[in-house]
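Colleague: with the sequence up front, the predicted model follows.
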2 protein chains.
Amino acid sequence: PLKRKHDERSLVFADLSRQEYLQVQQFMLKQKDLDISTNQITKPWGNFLFLIDLSLPKKADVLAYLDGKSAKPDREATVVVFHGAKGYVKEYVVGPLPDPTYHRDVTIERYNMELPITARTVTIGEYDLLFKYVGEVFSKLGKLMKESFDVDQNKKVNAFEQMPRGIRSGDRNTWISYFRDMSGMYIHPVGFELLINHESVNASEWKVERLLYNGQYFDTVDELKEKYETGSIKKIVYKETPDYGSLKPRHKPLQIGPQLFNAEGKRYSISNNHVLYLDWSFAFGLSSVTGLRVFDVRFKSDRIIYELSVQEAMSVYGSVTPGMILTKFLDASIGIGRFAHELVRGVDCPHEATYVDTYRYIDVSVPVRYMNSICVFEHNMGQPLRRHFADFFSNSYGGMVNSALVFRTITAIGNYDYMWDFIFYQSGSVEAKVHATGYISSSYLVDGSLKYGHQVAENVLGNIHTHFINFKVDLDVLGVNNFFQTKDMEYVNVSLPWMPDHYAMVPQLVEKQLKTEQEAALRYDTKTPRYLHIASNKTNRWGHHRSYRLQVFSFTGDHLPESQAEERAMSWARYKVAITKHKDLEQFSSSLYNQNNIWNPAVDFSKYIEDNENIEDEDLIAWVTTGFLHIPHSEDIPNTVTVGNGGGVLLRPHNYFDEDPSIHSADSVYIDPG
Amino acid sequence: PLKRKHDERSLVFADLSRQEYLQVQQFMLKQKDLDISTNQITKPWGNFLFLIDLSLPKKADVLAYLDGKSAKPDREATVVVFHGAKGYVKEYVVGPLPDPTYHRDVTIERYNMELPITARTVTIGEYDLLFKYVGEVFSKLGKLMKESFDVDQNKKVNAFEQMPRGIRSGDRNTWISYFRDMSGMYIHPVGFELLINHESVNASEWKVERLLYNGQYFDTVDELKEKYETGSIKKIVYKETPDYGSLKPRHKPLQIGPQLFNAEGKRYSISNNHVLYLDWSFAFGLSSVTGLRVFDVRFKSDRIIYELSVQEAMSVYGSVTPGMILTKFLDASIGIGRFAHELVRGVDCPHEATYVDTYRYIDVSVPVRYMNSICVFEHNMGQPLRRHFADFFSNSYGGMVNSALVFRTITAIGNYDYMWDFIFYQSGSVEAKVHATGYISSSYLVDGSLKYGHQVAENVLGNIHTHFINFKVDLDVLGVNNFFQTKDMEYVNVSLPWMPDHYAMVPQLVEKQLKTEQEAALRYDTKTPRYLHIASNKTNRWGHHRSYRLQVFSFTGDHLPESQAEERAMSWARYKVAITKHKDLEQFSSSLYNQNNIWNPAVDFSKYIEDNENIEDEDLIAWVTTGFLHIPHSEDIPNTVTVGNGGGVLLRPHNYFDEDPSIHSADSVYIDPG
Ligand SMILES: [Ca+2]
Ligand SMILES: [Ca+2]
Ligand SMILES: [Ca+2]
Ligand SMILES: [Ca+2]
Ligand SMILES: [Cu+2]
Ligand SMILES: [Cu+2]
């Protein structure tokens, strides 16, 4: 028995369907002047239709539609074309679906710059050439490859690229590190790295710029080959290594652990991209670029959150080896949602969860269906949401168990798996959480390595790194006009009213309103007020501003110093929370192009607050950064565990309701022994 | 099918049995010179046997016994007698059980001071007199009590005492605030507070020192009575208030939420006070004074934790009203474990949990059994403990669900309920967590109140306060000889090896050893290293020190300034983590006497580190403080929810094992589509 009804208007936020991807693809192919290819292995010098993704309508248009004041906004797609033939990347908006009539170049509108072709994500087409190119290098080094790495016709090593690809804008020089072809290759580095210049779209101009073998640098393949063969260098002699990266069970299950079951059926419902759960409702989507997101989150019909979305996952590594010494991964540039694969029942989500398929079009030739890539379930958290036992004066008990809805996807981006959870509590809170698991990145142990981490296997260093995650939190507290309020305590020396000669330090409430974007950009390296609120001028029954509080859970390391050229591409990570005035053109804190043009990023978040706009009575966006410092240790082998390796933000009502809404939950229990 | 065997040696940590309490009680009653009463309403001027609790044997003796090197240490009890007739409190050790032959006064040994009788906890006997005394006051104020509070023969108001009781050592002046006799009285203040001097053990000397009525102070009952009757003061006129504190369900359950079940039976076992769970084993106890604790925590037979225990729960309040203006609650002085009542199946713990009874002797005349006051269950956390999906090069999936053992009690100390969890993960981590729920403390709204919190109901202020919780963490990492290590990152400007002219800021690992107690006392108001380790000189397979890391989850407010006389009684709260050298006589960070002699506390934790002992190669204890700042808001009505209102410490292996021990779990799942 559902308390609310599904609303088809949620489709305004829905990812493109298979049909819609095809409509867009076909429309773009009809634009003969663009000369676009959809072949998955289009060469870099071709014009490749890399991405089709939903283009969200303007917020004002969506709100007018949702609130019944206007028609449904046009359905549009963002199309990214890598114009290799012309040397640039373009973003187009294509619409209206289902029968597109226009494609509009929005590159300058969105990024205030042209996007050089070197800013593009490496495609399957480019990898195909790169692997062939490396194959030729390897074949020149046949003896070394065989003796050091046991590579021959039957055995290979696997590549893992490091990023950024160089040191200045325009560079596309990639250090590729090699790993044994074993399970968990990421923790089996062989000690061989290649610096390849693949800046030109013309693969014939590519070259090997440097080689690293067993900690020694070589300028050319021939130099390495010669020195290896003459024995003038320190050699690696291949030996088999244990299969410590394997995830295969070592014991048979004797007895399964506890399971969740819904004895009386599910208390939530999903229709299209719309979810109902008790008093909650929301729409959802999964962007290939940024990942999981929910929209129009309502509690008892009142919209609380317009958008809650993953924006970026960034890591900065330390190493003495050349690949990882500069490594700064910006996952949205590869695509976060792109890697939301099938979730495994009973492990990734409970058996009884509901699994949702998604469709994506990124670096492919046809839309791809990802079965069961989102899961939704109600979870019994195994603890009371609230309870009280009255002991004194009278005995009674009231409480309720904490059952909450979990909305999840997991993205396996190379070595790491990030679990993304949005959790909806009966007390009116919504939580965004991320946990990391999967394989650490590692490097071959050489002299000086131990400054950068711990050894975790034979010849293997687990490299120190940071995890920074950015969430966009667009709370709309009773409409879009809000202000940003902080609350904290301070001790004040006060005279006791009944004995005025005696003073005591007493905690007082300190409330402040931060009125401009720069005041409200709360840096991680400064002390921030303990309570952060998106507040409305509307008051609750007791005259207090109705608000939602942001409580950030974080164990971040230090952010890259701003002196570094790469920092602007990840400038959101300076701030635990930063508040901006909403703009449709400031939709994301990062971009698809920040990784490969990290020195001149298409989106530099800090620019959003540079104009220091007034944030009083405005539509506010909170950009929240969480994460953790990761110093790998032997227990990261084979996989990092989720326990303790995460962060998030809890959005909690604070004087928003006149009482805890869970008091109305039918899950409440009351015992009166009297 | 259990992997390990129960060990009866856990009984060395077991709380006293019903029989043992009686043996001690009878033995003490035989000491005629002590002239002890066990009558529950013994008057303050009598000698009252207040507490019998397990006296833990010396650690060295226990270790020798557990390790098979010596016989079982004598079983002893701590006995607390309030010698009202003599004006002091005494702690005795009584033993050996079951047939005691000695009672030894250990007061000076344990506290280096005599304990004045004013330091004692208020007993049922004293409350009995206090209530009678207040009854007389009320009867003098009959008209006021009726008109303002509707108090008469049939209707009463309820008392809630504020602490500390005065402003200097020896004081026992208690502000008592009155609340409507409704459910959740704590959020129904009536606006009447009495300052009662009950310092003397002779109740005939007690007096009302001050009265507060509707924000106005009066020196005597007669003054208030007269001014009330002549109408020269601002009156409170009684009116009924809605029952907003009620926890009664407002809706009938239509459909129950998800439940946990153990399809193939429980994977843990409890025998006496010994728990087995997969590779884990531990002993447990519940001290009436300090609360939940576990001992001799082992993973695969190796002891990792000697003791993990709750020490103290402290709150500092702010208010303009006289009771709460000074309020600093130190719950161990009332007894934390004392209030572990029956847990409710399906709310406090899952239906399928195992429930354990406890027996206590505190402020009673006979030992009392508390049914089902501890619960143990394995919980499916609804997420993977680890997982990886391999996308590139080959497709495979490995992972396992996070099922962990939860060991829980909930203590309802007046208004608040603290949920205490110790959680045992298959990855070798142990977590201590606390969450707060129940009713906030509140005060009657008067002029100036709003500096100290938010209004949460008509005439009711929810007062700002801190929650500070202290845990004792006695990790023994491969024996008792350990050192304290910190790890963190720092950016270092390094020249790139393959292009030495180019520099980059690269994260490096920074490891330090803190060698003295004062260096290792990490204050909350300073920046602390991100990784804190109790480490062994023994190394893992890769030459790194085997260690456990302490990861503290905390949202604490500001600690009371050290300028305040009351601060020394809670000086543990200065430190996020403080490391001391183990001493049997530094068993607790607080005491039963810290509340009522807060200005001259029996235990001042800061003294443990004042001697600044060397902590290299010693038995180390980590004292961990967590908590949160609580600015009450309307959603705290009727009850504070657990979500977001908690803290804890995660003890994680770090280079302790050579690989993640969960890889050996039979819960592992592997899928190879190949
Ligand atoms: Ca701006
Ligand atoms: Ca907003
Ligand atoms: Ca010491
Ligand atoms: Ca120790
Ligand atoms: Cu990591
Ligand atoms: Cu509180």
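Modeller: Happy to help now that I have it. Ligands and ions are numbered 1, 2, ... in the order given.
Colleague: just give me the neighbour total for A:Thr625.
Modeller: Burial of A:Thr625, expressed as a neighbour count using other C-beta atoms under 10 Å in any protein chain shown, amounts to 29. For every residue, glycine as well, the C-beta is placed using N, CA and C.
Colleague: quick one, phi psi at it?
Modeller: A:Thr625 has phi and psi values of phi -110, psi 130 when expressed as degrees, to the nearest 10.
Colleague: looking at it, it is touching A:His467, isn't it?
Modeller: No - under the criterion of C-beta atoms under 8 Å, A:Thr625 makes no contact with A:His467, lying 10.5 Å away.
Colleague: quickly list what's touching both of the two.
Modeller: Common contacts of A:Thr625 and A:His467, defined by C-beta atoms under 8 Å, 6 or more residues apart in numbering or on different chains, comprise A:Thr556.
Colleague: what about the one residue in the stretch 251-400 of chain A that gets nearest to ligand 1, how many residues nearby?
Modeller: For the stretch 251-400 of chain A and ligand 1, the shortest gap (C-beta to the ion) falls at A:Gln311, measuring 16.4 Å. Burial of A:Gln311 is recorded as 28 neighbouring residues (other C-beta under 10 Å).
Colleague: check which helix or strand it maps to.
Modeller: Using DSSP states H and E, the secondary-structure element containing A:Gln311 is strand A:302-316.
Colleague: hmm, that strand in reach of chain B?
Modeller: Yes - counting by C-beta under 8 Å from any C-beta of the partner chain, chain B is contacted by strand A:302-316 at A:Val316.
Colleague: just stretch A:267-278 next, same as before
Modeller: Yes - counting by C-beta under 8 Å from any C-beta, chain B has neighbours in stretch A:267-278: A:Arg267.
Colleague: which SS class is the residue nearest to A:Glu431 when sequence neighbours are not counted?
Modeller: In space, and not counting its chain neighbours, A:Glu431 is closest to A:Ile423: 4.3 Å by C-beta to C-beta, 6 or more residues apart in numbering or on different chains. In the three-state summary, A:Ile423 is assigned as strand, counting by DSSP: H, G, I helix; E, B strand; the rest coil.
Colleague: so what's A:Ile423 up against?
Modeller: By C-beta under 8 Å, 6+ apart, the residues touching A:Ile423 are A:404-407, A:430-431, A:433.
Colleague: correct me, but the residue of the stretch 251-400 of chain A closest to ligand 1 touches A:Ser589?
Modeller: Yes - counting by C-beta under 8 Å, A:Gln311 does reach A:Ser589; the two are 4.5 Å apart.
Colleague: between those two, what contacts are shared?
Modeller: Taking C-beta under 8 Å, 6+ apart as the contact criterion, the residues that touch both A:Gln311 and A:Ser589 are A:470, A:472, A:572, A:623.
Colleague: can you tell me which two in the residues you listed are farthest apart?
Modeller: Across the shared contacts of A:Gln311 and A:Ser589, the two members that end up farthest from each other (C-beta to C-beta) are A:Lys472 and A:Trp572, 9.6 Å apart.
Colleague: more crowded one of the two?
Modeller: Summary of the neighbour comparison: A:Lys472 and A:Trp572, criterion other C-beta under 10 Å, with A:Trp572 having more neighbours (28 against 24).
Colleague: list the contacts for that one?
Modeller: Residues counted as contacts of A:Trp572 (C-beta under 8 Å, 6+ apart) are A:311-312, A:470, A:578, A:589-590, A:605-606, A:623, A:625.
Colleague: from A:Trp498, how far out is A:Ile41?
Modeller: 84 Å (C-beta to C-beta, to the nearest Å).
Colleague: can you pick out the residue with more neighbours from the two?
Modeller: Residue environment comparison for A:Ile41 versus A:Trp498 gives the larger neighbour count to A:Trp498, 18 against 15, counting by other C-beta under 10 Å.
Colleague: can you name every helix or strand that the helix or strand hosting A:Gln26 contacts?
Modeller: According to DSSP H and E, A:Gln26 maps onto helix A:18-30. Taking 3 or more C-beta pairs under 8 Å, 6 or more residues apart in numbering or on different chains; DSSP states H and E as contact, the helices and strands that helix A:18-30 lies on are strand A:47-55, strand A:76-83, strand A:88-95, strand A:354-362.
Colleague: make sure A:Lys607 is indeed in a helix.
Modeller: Yes - assessed with three-state DSSP, A:Lys607 lies in a helix.
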